[in-house]
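> I'd like to go over a predicted model; first the sequence, then the structure.
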Amino acid sequence: MLRKIKDKVLSLPKDFIFFLIAISFFGFSQSIVDSTFNNFLNETFKLSNFDRGFLELPRELPGFLVIFVTALLSFLCSRRLAALSHLIIAIGIFLIAVFSINLSVMLIWLFIYSIGQHIFLPLNQSIGMELAHEGQTGKRLGQISGATNIFAIVGSFVIFIGFNFLHFNFRISFIIASIGFVLTSLFIFLMTQSTPTPVKSKFSLRKEYGLFYWLCILFGTRKQIFLTFAPWVLVTVFHQKTQVVATLLTIGGIIGIFFKPLLGKAIDKFGEKTILTAEAIILIFVCLGYGFARDIFSETVALIITFSCYILDQLLMSVSMARATYLKKIAVDKSEISQTLTMGVSIDHIFSISIALISGLIWLKFGYQFVFLIGACIAFINMISTSQIKVKS
């Protein structure tokens with residue numbers, strides 16, 4: 001059995017093997033950060049709910065600036081740029097671990113960390129699609145996402161064991177993550193170089209991609225509500241510890257081992273319109289469950305529902321691969337895919353930064369329930385919008 005697996009792995013293209021290894025280290029390290037960061041903020045800086053929303057300005061601003069940063073680095077091919085992005089991520093999280101002497105200084109390191117994150121965000125999918133066979137793009141992205149998932153489980157499990165039994169603290173966790181990001185950079189660097197994209201095309205907007213840009217906007221606003229406020233509800237409303245968040249990520253990761261590759265195949269089989277519409281419908285109920293479970297049910301039942309919504313939304317984040325494959329199908333020129341994905345990131349972050357600030361004020365004035373009510377409305381608009389998807393068969 002092990003020999004068959006070994007032979008199958010060795011038969012894969014070298015660049016795909018290097019990318020799988022790289023993305024595995026990325027999943028491990030990112031999971032460590034995701035498992036600990038909100039508790040780190042709460043326990044270290046005692047942020048208010050509004051402050052937590054305002055924190056998204058320096059954290060998400062690099063997402064808007066990424067199109068300009070990648071233009072400045074246009075002499076690098078996508079794979080070299082991805083390798084550099086993880087060095088930046090590693091430096092940023094290491095500085096957060098060691099030199100966060102106060103909140104203002106930590107925000108500088110967070111900005112550096114976030115620059116690297118947002119450079120890699122579109123490159124992850126564009127490199128994955130470069131490594132796919134024709135007609136199997138979803139399958140390939142599902143495989144890559146599945147590999148990320150397996151090692152994300154390892155990362156969150158390390159946090160669970162470390163905080164429970166090995167006297168881990170946030171500094172140790174972030175340093176371990178920084179090492180993982182350096183290894184990610186190394187293995188991407190070992191991949192064959194691709195052709196750099198001319199700087200002029202980095203800033204191009206096409207009317208043919210209008211619906212793709214709009215879906216990016218909706219994804220950015222919905223994503224920000226959950227990335228920022230979903231774990232914050234767990235930490236501040238339900239008073240859950242680092243170990244609990246790590247456990248939820250582990251559970252979601254285990255489910256994702258099977259879910260994400262199947263999702264990739266489902267995109268190829270049923271099409272992006274069906275998958276994205278289904279995601280939007282499910283998200284309406286996830287938002288309502290997250291926002292109002294505590295008002296309707298007992299504390300225990302509400303906590304179980306909230307845990308379930310957190311895990312479900314974690315899984316649904318991977319549906320972003322359907323937006324990438326949709327773009328590939330409608331692309332006027334295949335060489336535009338990478339920069340159009342990057343443009344999509346910049347566009348969605350204009351709105352994600354705004355929604356984070358507005359949601360922080362809404363939480364302060366009306367309560368967290370209304371933040372997720374807005375999320376449900378965005379999901380409904382998304383459902384209507386995905387019905388307009390048309391691709392050539």
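Cool, the structure landed. Numbering: from 1, shown residues only.
> Pop out the phi and psi values for Ile101.
Taking degrees, to the nearest 10, you get phi -70, psi -20 for the backbone angles of Ile101.
> wait, I meant Leu166
phi -110, psi 10.
> can you check Ile389 too?
phi -70, psi 130.
> who touches it in this structure?
By C-beta atoms under 8 Å, 6 or more residues apart in numbering, the contact set of Ile389 is 211, 272-273, 276, 326. No exception for glycine: its C-beta is placed from N, CA and C like everyone else's.
> rerun that using 10 Å as the cut-off
Counting by C-beta atoms under 10 Å, 6 or more residues apart in numbering, Ile389 touches 211-212, 215, 271-277, 322-323, 326, 329-330.
> Of those residues, which is the nearest to Pro62?
Among the contacts of Ile389, Arg323 lies closest to Pro62 (C-beta to C-beta), at 20.2 Å.
> what pLDDT does the closest one get?
We have a pLDDT of 85 for Arg323.
> related to what we said a few turns ago, out of the contacts of Ile389, which end up buried?
By neighbour count, with 16 or more other C-beta atoms under 10 Å, those hold 211-212, 215, 271-273, 275-277, 322-323, 326, 330 as buried.
> still on that earlier bit, now, the contacts of Ile389 that are in helices?
211-212, 215, 272-277, 322-323, 326, 329-330 (DSSP state H).
> which one among the residues you listed gets closest to Asn39?
Arg323 (30.7 Å).
> That closest one touches Gly344, doesn't it?
Yes: applying C-beta atoms under 10 Å, one finds Arg323 in contact with Gly344, separated by 7.7 Å.
> Tabulate the ones in helices among the contacts of Ile389 (a markdown table), appending distance to Ala152.
Shown next, in a markdown table, are those (distance: C-beta to C-beta, whole Å):
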| residue | distance to Ala152 |
| --- | --- |
| Leu211 | 31 |
| Phe212 | 27 |
| Leu215 | 25 |
| Glu272 | 24 |
| Lys273 | 28 |
| Thr274 | 27 |
| Ile275 | 22 |
| Leu276 | 23 |
| Thr277 | 27 |
| Ala322 | 20 |
| Arg323 | 21 |
| Tyr326 | 25 |
| Lys329 | 28 |
| Ile330 | 31 |
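> Ala83 contacts Ala90, correct?
No: assessed by C-beta under 10 Å, Ala83 is found out of contact with Ala90, at 11.0 Å.
> what do these two both touch?
Common neighbours of Ala83 and Ala90 (C-beta under 10 Å, 6+ apart) are 184-185.
> Tell me who's in contact with the residue nearest the centre of the chain.
Central residue of the chain (C-alpha atoms, centre = their mean): Met317, 6.8 Å from the mean position. Neighbouring residues of Met317 by C-beta under 10 Å, 6+ apart: 145, 219, 222-223, 226-227, 252, 256, 279.
> Narrow these to just the buried residues.
The buried subset of these - by 16+ other C-beta under 10 Å - is 145, 219, 222-223, 226-227, 252, 256, 279.
> Looking at these, which is nearest Leu20?
Closest to Leu20, out of all of the buried ones among the contacts of Met317 and judged by C-beta to C-beta, is Ser145, at 11.0 Å.
> What residue, apart from its backbone neighbours, is nearest the closest one spatially?
Lys260 (4.1 Å; C-beta to C-beta, 6 or more residues apart in numbering).
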